[in-house]
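> Mind folding the following:
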Amino acid sequence: MMKGMSRDILRIAIPSIVTNITIPLLGLFDVGIAGHLGNASFIAAVSVGAMMFNLIYWNFGFLRMGTSGMTAQAYGRDDRNEVVLILKRVCLLGVLIGGVIVALQWPLQELALLIISPSQAVRKLALTYFKIGIWGAPATLTMMGIKGWFLGMQDSKRPMFISVGVNVVNIVISVLAVFVFRLGFPGIALGTVCAEYAGLCYSLWLLRSRYPDLLKKMSVGLLHGLNMRGSGHFFGVNGNIFLRSFLLMIVNLAFVAIGARSGDVILAVNALMMQLFTMFSYFMDGIAFAGEALVGKYEGAHKIREQRRCVRLLFAWGMLITAVYTLIYILIPDYIFRLLSDDATVVAQAMQLHWWCVAIPIAGMAAFVWDGVFIGLTRTRAMAQAVLMAVVAFFVIYWVLPDTMGDNALWFAFVSYLSMRGVVQTLQYLMKK
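Residues are numbered from 1 along each chain as shown. So this is what the prediction gives:
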């Protein structure tokens, strides 16, 4: 049983990890294309434009997370009507929210630029990127929901195919638009929008080829997906995830803003060290995604014993990944920093703080695993409460620590915030068990 369940975890986790790894490659290629346009402002504008979209889309992560947990539970109890209804709702919601974002693009762009505060030259180019890219919002958000639905159906390969496909199409169209059709900088954003709609079409084709009978049901009474009867749980789950995402965004923005007050070198050091957290998160998110799918399935089927075994195995795999990353960050941090930066000052400063990178996997492992478990259980209110407590702890700890600690105070607060999330969710799970 344990070996079979471990295979199920890896079957879902490995494609999810591959999907996570492909996401930053797209940004890397966009920056590479911008870097060949002859002005450093183009590179900065792509980075700022991507950050603007991240600030907006981050808050709608519930379209994937809430969908995966609820779909997994419906799958577990073999409720095909509910499975179809969830897919209807999330697709309609993705289109509607995307349309609202397009309609409200002016206040959204001004708010994002106020937060990021780029130079005037970069601001102008970033606005060009944003005004074109924003038209991809309905496709992006709908795809987000479809990926979550596939995951809930115990299928992480098709979300991987979608992500890889979008990246490939984006790169091809962007290169053609910029260098063949001579559209210049706007061609990068145009390539992204075309890739997003191509990805949506591909997603719908995957749905049709894999679940033709369900898609026929979906086409009947499509607007019934927004019928409020029976929708309270759907919107309740997603509302709590929205709140959680908003709180996480506050911590991330505060982390960057506090680092920026300490000067460009510390800002660069923090960005460099945060990349090590990101590398760890790629793998732990894969375990979390497996938790969403499998724990949700066992919850829906009322197989409590299997569910608890699954939670134990998720933590076992999480501990293994944590041990590997901790060992890497102990043994070769200098090599990783030099691989990521040529600036000797930044690398030297990062090496003085690198023990915080060693602490990140240990502090953060439980939070990643529990997030997957709680999404599978659709206990999103408890998850949001845990994040709220951790966010309060982050700000309180940072402000009470003495100024003489410098950047160590910020990293202590961040590591404490990660630990607090794991501790609170552990207590929540044990109390409800």
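> residue ranges with poor pLDDT in the chain?
Scanning the chain for pLDDT under 70 picks out 1-2, 26-28, 217-231, 433.
> contacting residues for the residue lying farthest from the centre of it?
Here the centre of the chain is the reference, and by C-alpha atoms, centre = their mean the most remote residue is residue 404, at 34.3 Å. Under the criterion of C-beta atoms under 8 Å, 6 or more residues apart in numbering, residue 404 has no neighbours. Every residue, glycine included, has its C-beta placed from N, CA and C.
> wait, isn't residue 17 in contact with residue 282?
Yes: with contact defined as C-beta atoms under 8 Å, residue 17 counts as touching residue 282 (6.0 Å).
> the more surrounded of those two?
The neighbour comparison of residue 17 against residue 282 (other C-beta atoms under 10 Å) goes to residue 17, with 22 against 17.
> who's in contact with that one?
Contacts of residue 17 by C-beta under 8 Å, 6+ apart are 282-283, 285-286.
> Repeat that for residue 20.
281-283, 285-286.
> just these now: which is nearest residue 412?
The shortest approach to residue 412 among those belongs to residue 281, at 19.6 Å (C-beta to C-beta).
> Please, which helix or strand holds the closest one?
Taking DSSP states H and E as the criterion, residue 281 maps to helix 264-300.
> Buried by neighbour count: which residues of that helix qualify?
By neighbour count, with 16 or more other C-beta atoms under 10 Å as the criterion, the buried positions of helix 264-300 are 266-270, 272-277, 279-300.
> and if you look at stretch 121-138?
Those would be 122-123, 125-130, 132-138, for stretch 121-138 by 16+ other C-beta under 10 Å.
> what do you get for stretch 192-211?
Neighbour counts over stretch 192-211 (16+ other C-beta under 10 Å) mark 192-200, 202-203, 206-207, 211 as buried.
> Just give the closest residue to residue 175, not the sequence neighbours.
Leaving out its chain neighbours, the residue that sits closest to residue 175 by C-beta to C-beta, 6 or more residues apart in numbering is residue 33, at 6.6 Å.
> Just list the residues touching the one you found, thanks.
For residue 33, the contacting residues are 174-175, 178, 188, by C-beta under 8 Å, 6+ apart.
> Where neighbours are concerned, which of those residues has the most?
The member of the contacts of residue 33 that has the most neighbours, counting by other C-beta under 10 Å, is residue 188 with 29 neighbours.
> Residue 179 is in contact with that one, correct?
No: Residue 188 is not in contact with residue 179 according to C-beta under 8 Å; the separation is 10.8 Å.
> Give me the neighbour count for residue 212.
By the criterion of other C-beta under 10 Å, residue 212 has 9 neighbours.
> how close does it sit to residue 206?
11 Å (C-beta to C-beta, to the nearest Å).
> go on, residue 12?
For residue 12 relative to residue 206 (C-beta to C-beta), the value is 17 Å.
> Over to residue 253?
Counting by C-beta to C-beta, the gap from residue 253 to residue 206 is 35 Å.
> Can you classify residue 302 as helix, strand or coil?
coil (DSSP: H, G, I helix; E, B strand; the rest coil).
> can you tell me which residues contact the residue nearest to it when sequence neighbours are not counted?
Excluding the flanking residues, the one nearest residue 302 by C-beta to C-beta, 6+ apart is residue 77, at 7.6 Å. Going by C-beta under 8 Å, 6+ apart, residue 77 touches 300-302.
> One more: residue 363?
Counting by C-beta under 8 Å, 6+ apart, residue 363 touches 415-416, 418-419, 422.
> host element of it?
Following DSSP H and E, one finds residue 363 within helix 355-376.
> Residue 346 now?
helix 344-353.
> Just want the angle from that helix to helix 355-376.
Counting by axes from the mean of the first three to the mean of the last three C-alpha atoms, to 10 degrees, helix 344-353 lies at 70 degrees to helix 355-376.
> picking up where we left off before, let me see the backbone angles for the residue nearest to residue 302.
Dihedral pair for residue 77: phi -100, psi 10, per degrees, to the nearest 10.
> from now on call the first residue 42
Okay, using 42 as the starting number, the last item reads as residue 118.
> how close does it sit to residue 333?
16 Å.
> same check, this time on residue 197
Distance, residue 197 to residue 333, using C-beta to C-beta: 10 Å.
> Equivalent analysis for residue 101, please.
17 Å.
> try residue 135
When distance is defined by C-beta to C-beta, residue 135 is 18 Å away from residue 333.
> Run the chain-centre distance for the helix or strand where residue 147 lies.
The secondary structure element spanning residue 147 is helix 146-157 (assigned by DSSP H and E). What separates the centre of helix 146-157 from the centre of its chain is 21 Å, taken as C-alpha atoms, centre = their mean, to the nearest Å.
> Buried ones in it, by neighbour count?
Using 16+ other C-beta under 10 Å as the test for burial, helix 146-157 gives 146, 149-150, 153-154, 157.
> quick one: which of the contacts of residue 74 is nearest to residue 95?
Using C-beta to C-beta, residue 229 comes nearest to residue 95 of the contacts of residue 74, at 16.1 Å.
> Output the contacting helices and strands for whichever strand or helix holds the closest one.
In the assignment (DSSP H and E), residue 229 maps to helix 227-251. In terms of contacts (3 or more C-beta pairs under 8 Å, 6 or more residues apart in numbering; DSSP states H and E), helix 227-251 is packed against helix 43-76, helix 161-174, helix 178-193, helix 198-216, helix 253-260.
> residue contacts, residue 99?
With C-beta under 8 Å, 6+ apart, residue 99 has these contacts: 286, 289-290.
> let's see 6 Å
Going by C-beta atoms under 6 Å, 6 or more residues apart in numbering, residue 99 touches 286, 290.
> Show me which positions of stretch 110-121 end up buried.
By neighbour count on 16+ other C-beta under 10 Å, the buried set for stretch 110-121 is 110-117.
> So residue 105, which state does it fall into?
Three-state assignment for residue 105 (three-state DSSP): helix.
> Can you give me the neighbour number for the closest residue to it other than its chain neighbours?
The shortest distance from residue 105 to any non-neighbouring residue, by C-beta to C-beta, 6+ apart, is to residue 189 (3.6 Å). The number of residues packed around residue 189, counting by other C-beta under 10 Å, is 30.
> any idea how far residue 189 lies from residue 76?
Counting by C-beta to C-beta, the gap from residue 189 to residue 76 is 34 Å.
> Show me what the helix or strand harbouring residue 279 is packed against.
Element membership of residue 279, judged by DSSP H and E, is helix 273-302. Helix 273-302 sits against helix 103-117, helix 305-341, helix 421-441, with contacts defined as 3 or more C-beta pairs under 6 Å, 6 or more residues apart in numbering; DSSP states H and E.
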